Structure formats: structure tokens, C-alpha cells
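K.L.:
no sequence on this one, just coordinates:
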């Protein structure tokens, strides 16, 4: 009996020391659809339905009111070595919750791309593909018009490569 009581005391103390089982509190409701406005660049990598690796990069334009007005997506099938394909993003929609979580659908000529995302701020966020066609994740960042010109490449860069 004493062993059982001692074990319960030790367990209770460890739970108190760990802060209990409370989940972290989400940030205050500071986000809305208006938080996603402008032209964003994105980069995502993942695995397709055949198990092949791919990368997709591009841009989309959000209007601040829940609509995607356009963009481009480049897809590179890393496992097959095929050249990259460029697909126009012709539209879409998104919804941002007050805690920064959201969903987005990009409409393309070859179908649609379903995404879930979380905003870190109005200029950056993380994204996960959620349409069950592929498994990919990455990030997106707000860009200015100057970021999409050849002159923007005139500054020094650092590269980090990894892979199979």
C-alpha cells in the first residue's frame, strides 16, 4: 500500500513539474483574410502517389478578401529527371482563421491544388498540401515587384543542398 501511495505522489509531482497536460494557448485573434494580400512566392517539396520525389515553386496573388487572382507553378519531377513544367494558376480561394490557420485552393489548368497553411505574420507562412494527390510541404513569403526581376539576383546568396 505504501509503495502504491509513493508511486502516486511521484507521478503527481512529475505532472506538476511538467506543467500538467495543458495544450499551448494559440495566439490572440489577430489574423483575417485581409492578412493575406499581395504576391507571394512559395516552395514545396514532397512525394507523389508513385513514391517519386518532386519540387514545386511558384507564386500566387491573394486579394485580401479570400480570392486568389493568379500566379504560376513550376513542377519538377526529381525521380524521373523530366524537365520542369510550368502551369498557370488561374484563380482560387482561401480562408484565414483568427489564429492564423487557413485553407487555400489554387485553381490550375491541370486541376486544383488544396493547401492548409499557418501564417507566422502577414508576410510569411508554412504550407502543407492537403488534397490527397501528393504529400508536400514548404513555405511562402510576400514579395514586392522588384523581387521578381533579374536585378534582384545581383546580391550574394548561400545554398544548402541535401538529398539522395
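P.N.:
It's in. Model, not experiment: these values are computed from the prediction. Numbers count the residues shown, from 1 in each chain.
K.L.:
if the spatially closest residue to residue 132 that is not a sequence neighbour is in a bridge, with which residues?
P.N.:
Among residues not flanking residue 132 along the chain, residue 114 sits closest, at 8.0 Å (Cβ to Cβ, 6 or more residues apart in numbering). All C-beta atoms are positioned from the backbone trio N, CA, C, and that covers glycine. Using DSSP bridges, the bridge partners assigned to residue 114 are residue 105.
K.L.:
quick check, residue 114 in contact with residue 128.
P.N.:
No. Between residue 114 and residue 128 there is no contact, the gap being 9.9 Å when judged by Cβ atoms under 8 Å.
K.L.:
against residue 73, how distant is residue 35?
P.N.:
According to Cβ to Cβ, to the nearest Å, residue 35 and residue 73 sit 22 Å apart.
K.L.:
the more surrounded of these two?
P.N.:
residue 73 (22 against 18; other Cβ atoms under 10 Å).
K.L.:
got the phi and psi for the more buried one?
P.N.:
Main-chain torsions, residue 73, degrees, to the nearest 10: phi -140, psi 130.
K.L.:
tell me who's in contact with the residue most central in space within the chain.
P.N.:
With distances taken as Cα atoms, centre = their mean, the residue of the chain nearest its centroid is residue 127 (1.0 Å). With contacts defined as Cβ atoms under 8 Å, 6 or more residues apart in numbering, residue 127 is in contact with 42, 44, 104, 115, 116, 117, 137, 138, 139, 140.
K.L.:
tell me which element it is part of?
P.N.:
Residue 127 belongs to strand 124-129 when elements are defined using DSSP states H and E.
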